[in-house]
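no FASTA, just this:
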Ligand code: AMP
Ligand code: GLY
């Protein structure tokens, strides 16, 4: 078998899932060079070389790559930070190694203002009403407050406040959830405004879904839709997180969606791609430049945001059921000749276990945390039996989990996910949760309603009501 050296820039379980799918190639003998945030036990085990660069600084990543130029054929990047900071431009220019991710110019995730303006121009129907408030336009907070109040009059206070830059200040705040008065909204606004422009947009009511596609610079190839569970606590309460889990149905779209919704989404992504790429092939747009967060409203499909990278956990729902050799898919993206991408007709469920104070859990539910377990090592021995029993229908991908002195310890972010694969969502869910229960130690916790029949029925029923106009903004 032909040997191929692949760089994986990893952050969390998504990086482990990408590395695993590459390593499973049946066409190539894959040697992985993994750049990681910490000593991820899974990645350490499967890598030919594993290096820790906690801040994922692009110059440090390049320094690792340039000393291995002759061994690395191409690379793939999971997290947004190095993509936004131009890791692809630097490594391709300096070392000539192709990377699968957009170039800095096409990493539109870098600015939510730029995204909203792009959507306004290219897919206006999918864009909510919005206004940008830039610190450079205002000499005092009182002046910005006056303008903001006028805009809130127009929106009937039903507003969402978003910083331009990913995760700046307090992040996204939603009327009714994160603030209930104008003064509270203004506090949230100011916490972001001190760092740069802030968008205040119409609050949309609907069910959310995540759309991703592979792109070879010539065309986009849609991946099956997934549903992320962003909120920390059961019943979609608590703060937004990176995602506590996600599901995918056996086909291309979700139980609460119609085939026509999916088609609208694909068309939106195609229009955005065509607008950015121009008529010719544009190699700046390879990888997953469009991971669009959609919301399905009474007025149709709207865009919440676009990310220029695979979703975590969303890509973990998709990779295990990819039938094609992932190394070949990657090479086709680089060469610009990506054709059909084939998937098993299976459902998948991803569930994360997270550390004691993720999402402020200890603060919210101190009684639910066993203090004696906090900080204890994570024990994965129970997962081995399940792997024997379920084979490829169960997968475990460590994320913010560190190998230290021969043991594994949870760090601050999502620790590890369990993935169930089966013919339908219920089956996949049962397997994923068996996996979750087999992970011991560290006082880790999880949301038990990920992909539950009740949660999914609620989404279907809510969507039905939204479509016939029973659910209004006041909900
Ligand atoms: P974002 O980072 O833009 O995807 O926002 C994070 C979360 O905030 C989304 O998953 C939604 O739940 C919520 N959100 C963002 N924008 C809106 C909006 N315009 N209307 C309602 N909810 C929103
Ligand atoms: N699941 C949310 C994200 O990847 O941004």
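Looks like it arrived, so ask away. Bear in mind the structure is a predicted one, so any value in this text is a computation, not a measurement. Ligands and ions are numbered 1, 2, ... in the order given.

near ligand 2, which residues of this structure show up?
The chain comes close to ligand 2 at residues 228, 242, 243, 307, 311, 312, 314, as judged by CB under 6 Å from any ligand atom. For the C-beta atoms, the positions are set from N, CA and C on the backbone; glycine is no exception.

can we see that at 8 Å?
Counting by CB under 8 Å from any ligand atom, the residues of the chain close to ligand 2 are 14, 80, 210, 228, 230, 242-243, 246, 291, 293, 307, 309-314.

roughly how far is the host helix or strand of residue 385 from the heart of the chain?
According to DSSP states H and E, residue 385 maps onto helix 381-390. Here helix 381-390 is found 27 Å from its chain centre; the criterion is CA atoms, centre = their mean, to the nearest Å.

same question for stretch 331-350.
For stretch 331-350, the distance to the chain centre is 17 Å (CA atoms, centre = their mean).

any buried residues in it, and which?
Neighbour-count burial for stretch 331-350, counted by 16 or more other CB atoms under 10 Å, picks out 331, 332, 333, 334, 338, 341, 343, 346, 347, 348, 349, 350.

next one: stretch 298-310
Per 16+ other CB under 10 Å, stretch 298-310 contains these buried residues: 298, 301, 302, 303, 304, 305, 306, 307, 308, 309, 310.

returning to that earlier point: what lies in contact with the helix holding residue 385?
The contact list for helix 381-390, computed with CB atoms under 8 Å, 6 or more residues apart in numbering, reads 394, 396, 418, 431, 434, 435, 438, 439, 440.

try 7 Å
Outside of helix 381-390, the residues within contact range by CB atoms under 7 Å, 6 or more residues apart in numbering are 394, 396, 431, 434, 435, 438, 439, 440.

quick one: contacts of the very next helix or strand once past it?
Moving toward the C-terminus from helix 381-390, the next helix or strand (DSSP H and E) is strand 394-398. Here strand 394-398 makes contact (CB under 7 Å, 6+ apart) with 13, 16-17, 40-42, 316, 320, 380, 383, 386-387, 416-420, 431, 435.

about what we covered before: and which of the buried residues of stretch 331-350 is nearest to residue 369?
For these, the closest approach to residue 369 (CB to CB) belongs to residue 350, at 23.4 Å.

so of the residues of the chain next to ligand 2, which ones are in strands?
Per DSSP state E, strands hold the following members of the residues of the chain next to ligand 2: 210, 228, 246, 291, 293, 307.

widest-spaced pair of those?
Comparing all pairs in those by CB to CB, the longest separation belongs to 246 and 307, at 14.1 Å.

how far away is the residue nearest to the spatial centre of the chain from residue 195?
In the chain, the centroid-proximal residue (CA atoms, centre = their mean) is residue 311; its distance is 2.5 Å. Shown here: residue 311 relative to residue 195, a distance of 25 Å by CB to CB, to the nearest Å.

same deal with residue 203?
Between residue 203 and residue 195 the computed distance is 22 Å (CB to CB).

likewise for residue 105?
Distance of residue 105 to residue 195, computed by CB to CB: 23 Å.

which residues does the residue in the stretch 301-450 of the chain positioned nearest to ligand 1 form a beta bridge with?
Nearest residue of the stretch 301-450 of the chain to ligand 1 (CB to the nearest ligand atom) works out as residue 305 at 3.7 Å. Beta-bridge partners recorded for residue 305 (DSSP bridges): residue 293.

quick check, it in contact with residue 112.
Yes - with contact defined as CB atoms under 7 Å, residue 305 reaches residue 112; the gap is 6.4 Å.

now residue 106. Nearest residue, chain neighbours left out?
Residue nearest to residue 106 in three dimensions, not counting chain neighbours: residue 284, with 4.6 Å by CB to CB, 6 or more residues apart in numbering.

and the one you found, what does it touch?
Neighbouring residues of residue 284 by CB under 7 Å, 6+ apart: 102, 103, 105, 106.

give me phi/psi at it?
When read as degrees, to the nearest 10, the backbone of residue 284 gives phi -70, psi -20.

how far away is it from residue 112?
For residue 284, the distance to residue 112 equals 20 Å [CB to CB].

what does the protein put close to ligand 1?
Residues of the chain lying near ligand 1 by CB under 8 Å from any ligand atom: 112, 128, 160, 162, 166, 171-172, 174, 201-205, 208, 228, 230-231, 240, 293, 295, 302, 304-305.

mind checking which of those land in strands?
160, 162, 174, 201-202, 208, 228, 231, 240, 293, 295, 302, 304-305.

which members of the residues you listed are the farthest-apart pair?
Among these, 202 and 228 lie farthest apart (CB to CB), at 21.4 Å.

quick one: contacts of the lowest-mean-pLDDT helix or strand in the chain?
The helix or strand of the chain with the poorest confidence is strand 237-240; it has a mean of 88 (mean pLDDT, DSSP states H and E). Strand 237-240 is contacted from outside by 171, 172, 230, 231, 232, 359, 360, 364, using CB under 7 Å, 6+ apart.

between these, which sits nearest ligand 2?
Set against ligand 2, the nearest of the contacts of strand 237-240 by CB to the nearest ligand atom is residue 230 (6.8 Å).

now do the SS call for residue 64.
Secondary structure state of residue 64, per DSSP: H, G, I helix; E, B strand; the rest coil, is helix.

burial count for it?
By other CB atoms under 10 Å, the residues close to residue 64 number 18.

residues in contact with it?
By CB under 7 Å, 6+ apart, the contact set of residue 64 is 35, 51.

so how far is residue 75 from it?
Plainly put, residue 64 is 11 Å away from residue 75 if you go by CB to CB.

can you check residue 392 too?
Taking CB to CB as the measure, residue 392 falls 26 Å from residue 75.

which of these two has more residues huddled nearby?
Remark: of residue 392 and residue 75, residue 75 carries more neighbours, 25 against 11, as counted by other CB under 10 Å.

beta partners of that one?
Bridge pairing for residue 75 - DSSP bridges - gives residue 7, residue 99.

would you agree it is in contact with residue 7?
Yes - using CB under 7 Å, residue 75 makes contact with residue 7 at a distance of 3.2 Å.

residue 203 and residue 195: which is more packed in?
In this view residue 203 and residue 195 are compared by other CB under 10 Å, and residue 203 has more residues nearby, 17 against 13.

setting the sequence-adjacent residues aside, check what's closest to that one.
Closest to residue 203 by CB to CB, 6+ apart is residue 158, at 4.2 Å.

how many neighbours does that neighbour have?
Residues contacting residue 158 under the criterion other CB under 10 Å number 16.

quick revisit: may I have the phi/psi pair for the residue nearest to the centre of the chain?
phi -80, psi 150.

let me see the contact set for residue 170.
188, 191, 192.

what's the helix or strand where the last one lies packed up against?
It refers to residue 192. Element membership for residue 192, per DSSP H and E: helix 182-193. On a contact count with 3 or more CB pairs under 7 Å, 6 or more residues apart in numbering; DSSP states H and E, helix 182-193 meets helix 141-155, strand 159-163.
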